[in-house]
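A.B. asks: Here you go, sequence then predicted model.
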Amino acid sequence: MMIVRLVAFVWIAFFMGGAALAQDNPILNRLNTYIAAYNAKDAEAISAYYTEKAALLPPQSRALVGRAPIAAHFANAFNNGVTELEYNVLEIDQTGPDTAVEVAETKVKLGTKTISGRSMHVWKKVDGVWFIHRDMYHVLGIAQ
């Protein structure tokens, strides 16, 4: 179960508006490069997408606050065989000029298994750039 907690990482729960999914959406652009860093297994690059005081809230685990613990979380997942993040954004709701909530469904590989999950990110704009400020995810299931 520890592997499952480390693995699924990404995010959950509203319905997405068309404008929020436009190709020029800066959060979608950030997500695309985030996914590339994840699939390259670059934990340090992934942590750079988070604010300095970001909190990652893995299932059944304590909050990981700050970039170093977040990088360690992803490095541990990669060391345990997690690969191939697929990310399907369901919604991006900009709740203010510098805050947005994004919900997605995810899949990652762990050996021959596929782990499905949902995630919710709270994004925060810092100096004109969007960063993940809160990251919560849970595992929906594991398939062979």
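C.D. replies: Received the coordinates, thanks.
A.B. asks: ok, then the element right after the helix or strand where Leu90 lies?
C.D. replies: If you go by DSSP states H and E, Leu90 is part of strand 82-96. Where DSSP H and E defines the elements, the next helix or strand beyond strand 82-96 is strand 99-110.
A.B. asks: who does that following strand pair up with?
C.D. replies: Partners of strand 99-110 in the sheet, by DSSP bridges, are strand 82-96 (antiparallel), strand 113-126 (antiparallel).
A.B. asks: residues in contact with stretch 65-83?
C.D. replies: 3, 6-7, 9, 38-39, 41, 43-44, 46-48, 50, 52-56, 58, 64, 108-111, 135 (CB atoms under 8 Å, 6 or more residues apart in numbering). (Glycine included, C-beta is placed from N, CA and C.)
A.B. asks: sorry, back to before: the strand holding Leu90: which residues count as buried?
C.D. replies: Val82, Leu85, Tyr87, Val89, Leu90, Glu91, Ile92, Gln94 (16 or more other CB atoms under 10 Å).
A.B. asks: Same check on stretch 34-52?
C.D. replies: For stretch 34-52, a neighbour-count test (16+ other CB under 10 Å) marks Tyr34, Ile35, Ala37, Tyr38, Asp42, Ala43, Ala45, Ile46, Ser47, Tyr49, Tyr50, Thr51 as buried.
A.B. asks: Reformat the residues you listed as JSON lines; add secondary structure.
C.D. replies: What follows is the buried residues of stretch 34-52, written out as JSON lines (DSSP: H, G, I helix; E, B strand; the rest coil):
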{"residue": "Tyr34", "secondary structure": "helix"}
{"residue": "Ile35", "secondary structure": "helix"}
{"residue": "Ala37", "secondary structure": "helix"}
{"residue": "Tyr38", "secondary structure": "helix"}
{"residue": "Asp42", "secondary structure": "coil"}
{"residue": "Ala43", "secondary structure": "helix"}
{"residue": "Ala45", "secondary structure": "helix"}
{"residue": "Ile46", "secondary structure": "helix"}
{"residue": "Ser47", "secondary structure": "helix"}
{"residue": "Tyr49", "secondary structure": "coil"}
{"residue": "Tyr50", "secondary structure": "strand"}
{"residue": "Thr51", "secondary structure": "strand"}
